[in-house]
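**Q** Predicted model and sequence follow; I will ask about them next.
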Amino acid sequence: MFCWSFTCLPDQVDVWLEKLDTLDPTRLVITRTPGRQRQTIAYYTASKREAAALQNAHSGIVAPVDQTWMTPSKPHPPIRIRDQFLIVENGATPPDPREIIIPAGMAFGTGDHPTTASCLRLLCDEARARGPVRSLLDVGTGSGVLAIAAKKLGAKVVAAFDYDAVAIRAARENARLNQVRGIRWAVDDLLQFTPDRVHAVVTANIFSELFLAAWPRLAPAVEPGGAFLLSGILRFQEVECREGFEKTGFTVERTVRLGKWVTLLARHNLHGKRLALA
């Protein structure tokens, strides 16, 4: 494994995230060091060639990675999601049904990031308000925590995919740790994705640029009356994402803002009509 990295000033981070919006967000890490003004943006790759291509395009440095970087130095405290779940790194054996075990590791989505936590809370609220989620599609699943939570909330059909094969392996292992079965995992490119069925809920914790580019492919995956949970967008990107929903027969029902991050719950309100598959 290799790492391409560079440093920049804090006010340049969002600009760089826009430039790097086509990269897999599960491999992108931003590090802030106390006492230092500049921040480090790093991207982890499976090959030196991939890292070198980024260096050629954007400068920076490339270095091999010691695999022990994946082991966290400090454990995360448990994260409570409503009164429904407790996200933990190490759980009981057999697993407590109220716990979701997500060891800290390479795949994004341990539950401590505001975007993941917001999606989990809105998913719990959706199940409480409308009954068990019948089916869910998790886009860019990362650690698989949203797919696992959906199964625990009673979903009969759960599908999840990610561009990164490492993330899918991690998600499968997390499902095994939680003794959750029946999730259909896949490695897929969101920009080439074609839904094969509609779902009551679709979740996507992705950058806004990727969402807007892929929305024509994602919208048909939501059944009439179904919900789309979008997270991973920044405050200044909220208006553009809202417009994307509204132009295709969706209404934003709930908005959660935590720091610079925004999570939206949009409802497909075409009253029985189904958007044509991309």
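**A** Perfect, thanks for sending it.
**Q** Where does residue 11 sit: helix, strand or coil?
**A** helix (DSSP: H, G, I helix; E, B strand; the rest coil).
**Q** Now do the contacts for residue 261.
**A** 114, 115, 118, 231, 232, 233, 234, 235 (CB atoms under 8 Å, 6 or more residues apart in numbering). For every residue, glycine as well, the C-beta is placed using N, CA and C.
**Q** make that residue 203, sorry
**A** 119, 123, 136, 137, 138, 139, 146, 228, 229, 231.
**Q** what does the model give it for pLDDT?
**A** For residue 203, the pLDDT comes out at 97.
**Q** same question, residue 274
**A** Note on residue 274: pLDDT of 50.
**Q** Give the lowest-confidence helix or strand of this structure, using mean pLDDT as the measure.
**A** Using mean pLDDT, DSSP states H and E, strand 28-31 stands out as the lowest-scoring helix or strand of the chain, at a mean of 76.
**Q** could you give me the average pLDDT of whichever helix or strand comes after that one?
**A** Using DSSP states H and E, the helix or strand that directly follows strand 28-31 along the chain is strand 39-45. Averaged over strand 39-45, pLDDT sits at 87.
**Q** Which elements pack onto strand 39-45?
**A** strand 2-8, helix 13-19, strand 28-31, helix 48-58 (3 or more CB pairs under 8 Å, 6 or more residues apart in numbering; DSSP states H and E).
**Q** show me the contacts for the nearest residue to residue 38 once chain neighbours are set aside.
**A** Take residue 38 and drop its neighbours on the chain: the residue closest to it by CB to CB, 6 or more residues apart in numbering is residue 7, 4.3 Å away. By CB under 8 Å, 6+ apart, the residues touching residue 7 are 38, 39, 40, 41.
**Q** Pull the number of nearby residues for the second one.
**A** A count of neighbours around residue 39, defined by other CB atoms under 10 Å, yields 17.
**Q** Which of the contacts of residue 261 are buried? Put it as a PyMOL command.
**A** Restricted to buried positions by 16 or more other CB atoms under 10 Å, the PyMOL selection for those reads:
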select buried, resi 114+115+118+231+232+233+234
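**Q** Let me have the contacts of residue 261 in CSV, adding secondary structure and distance to residue 65 as columns.
**A** Formatted as CSV, those follow (DSSP: H, G, I helix; E, B strand; the rest coil; distance: CB to CB, whole Å):
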residue, secondary structure, distance to residue 65
114, helix, 27
115, helix, 25
118, helix, 30
231, strand, 28
232, strand, 24
233, strand, 29
234, strand, 28
235, helix, 32
